[in-house]
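Enquirer: have a look at this prediction, sequence included:
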Amino acid sequence: MRISFIGTGVMGAPMARHLAAAGHDVTVYNRTRAKAEATGLAVADTPAAAAQGADAVVTCVGNDTDLEQVTLGSDGAFAAMRDDAVFIDHTTVSAAIAERLAAARALVVDAPVSGGQAGAEQGKLAVMCGGTAEAVARAEPVMEAYAARIVHVGAAGAGQRTKMVNQICIAGVLQGLSEAVRFAQKADLDLDKVLEAVSGGAAQSWQMVNRWPTMTKGEFDFGFAIDWMRKDLGLALDEGGRIGATLPMTALVDQFYAEVQAMGGGRQDTSALVRRLGK
């Protein structure tokens, strides 16, 4: 397939490379051209130029404003796309813009991902898809290049709302994990033995297995940044207010993340939440 990939940051770049490795003809675009060139793939000057003649256009940008610019802007992809091309958005954005884009074209999938930078590099992302059955079916052969799980969760916007569920869960898990790490340290327990004991039972989680060792060492310079997590939690809180869903824990952890940002940890991994509990 001829594929346009727009947004070659820490997530998009490895995803685009997986597409090329799978045999697709990939053209990339990034606002910072050097990041696009670093992929080693063909580089377009604008989103529209990248989308010209493509069978599929994939985006993985920053937020609603970025997504609107690369799709509906003056040099946006939508004006250049073929009518039968599928559009796949992997950005975590509002359900409102996902629904707006789906109303503008026939084949649109809002497909936020979970798995972080490691999942993107390993080609093992989990993708939650909103859109019509036809659009998702057209998108699956593209996403299979970098996904371990692809689930069609509902109509346009459902993918973004499912990602909000994902982030709500992660926020709660990381707060509990942060308190558990500090409790174990205060109790002067063998941290490796504690992890071995509790990670085999009901308390086990991906965050525990992958972040407990680094949290105990004070290492946070990898993974998903707090600045992005606060953006995601803001989307969830806004949507919760709109639909009448009460999210007290999410709101509280969002405030805790704001404290870590004030400590200079905005670009650190979300597990840096433990920093606000001292040592």
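Expert: Sure thing, it's come through.

Enquirer: straight-line length of stretch 214-229, end to end?
Expert: For stretch 214-229, the first-to-last residue distance is 19 Å (Cα to Cα, to the nearest Å).

Enquirer: in the stretch 151-279 of the chain, which spans are helices?
Expert: With DSSP state H, counting those that start in this stretch as the criterion, the stretch 151-279 of the chain has helices at 158-186, 191-198, 206-217, 226-243, 248-262.

Enquirer: okay, the angle between the last one and helix 226-243?
Expert: For helix 248-262 and helix 226-243, the angle between their directions (axes from the mean of the first three to the mean of the last three Cα atoms, to 10 degrees) works out to 150 degrees.

Enquirer: list the helices and strands the longest strand belonging to the chain packs on?
Expert: In the chain, taking DSSP state E as the definition, the longest strand is strand 147-154. Under the contact criterion of 3 or more Cβ pairs under 8 Å, 6 or more residues apart in numbering; DSSP states H and E, strand 147-154 touches strand 125-130, helix 133-143, helix 158-186. The way it works is simple: take the backbone N, C-alpha and C, and place the C-beta from them, glycine included.

Enquirer: go ahead and flag the most central residue of this structure.
Expert: Centre of the chain computed as the mean C-alpha position; nearest residue by Cα atoms, centre = their mean is Val113, 4.7 Å away.

Enquirer: ok, it to Ala95 distance?
Expert: Going from Val113 to Ala95 by Cβ to Cβ, to the nearest Å gives 16 Å.

Enquirer: quick one: the helices in the stretch 1-150 of the chain?
Expert: 12-21, 33-37, 47-51, 64-72, 95-104, 116-122, 133-143.

Enquirer: comparing those helices, which gets the lowest mean pLDDT score?
Expert: In terms of mean pLDDT, the lowest-scoring of those is helix 116-122 (a mean of 93).

Enquirer: before we move on, back to that, any chance of the helices of the stretch 151-279 of the chain in CSV with mean neighbour count, mean pLDDT and distance to Glu68 as columns?
Expert: Formatted as CSV, these follow (neighbours: other Cβ atoms under 10 Å; pLDDT from 0 to 100; distance: least, Cβ to Cβ, whole Å):
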stretch, mean neighbour count, mean pLDDT, distance to Glu68
helix 158-186, 19, 98, 14
helix 191-198, 14, 98, 44
helix 206-217, 17, 96, 32
helix 226-243, 18, 98, 15
helix 248-262, 16, 98, 24
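
Enquirer: would you list those helices in a markdown table and tack on distance to Ser271?
Expert: Below are the helices of the stretch 151-279 of the chain laid out as a markdown table (distance: least, Cβ to Cβ, whole Å):
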| stretch | distance to Ser271 |
| --- | --- |
| helix 158-186 | 6 |
| helix 191-198 | 14 |
| helix 206-217 | 4 |
| helix 226-243 | 9 |
| helix 248-262 | 10 |
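
Enquirer: among those helices, which comes closest to Val43?
Expert: Closest approach to Val43 among these (Cβ to Cβ): helix 226-243, 24.8 Å.

Enquirer: by how many degrees do that closest one and helix 95-104 diverge?
Expert: Using the same axes, to 10 degrees: helix 226-243 against helix 95-104 is 80 degrees.

Enquirer: list the contacts of helix 226-243.
Expert: Under the contact criterion Cβ atoms under 8 Å, 6 or more residues apart in numbering, helix 226-243 has outside partners 63, 92-95, 160-161, 163-164, 167-168, 170-171, 245-247, 250-251, 253-254, 257-258, 260-261, 265-270, 272-273.

Enquirer: distance from that helix to the middle of the chain?
Expert: Taking Cα atoms, centre = their mean, to the nearest Å, one finds helix 226-243 lying 13 Å from the centre of the chain it belongs to.

Enquirer: same check, this time on stretch 88-97
Expert: The answer for stretch 88-97 is 10 Å, by Cα atoms, centre = their mean.

Enquirer: that one spans what distance, first to last residue?
Expert: Per Cα to Cα, stretch 88-97 runs 13 Å from first to last residue.

Enquirer: what comes into contact with that stretch?
Expert: 7, 11-12, 15, 56-64, 66-68, 98, 101, 108-113, 127, 139, 142-143, 157-158, 160-161, 163, 167, 228, 231-232, 235, 238-239.

Enquirer: could you pick out the buried ones from the residues you listed?
Expert: Buried members of the contacts of stretch 88-97, counted by 16 or more other Cβ atoms under 10 Å: 7, 11-12, 15, 56-64, 66-68, 98, 101, 108-113, 127, 139, 142-143, 157-158, 160-161, 163, 167, 228, 231-232, 235, 239.
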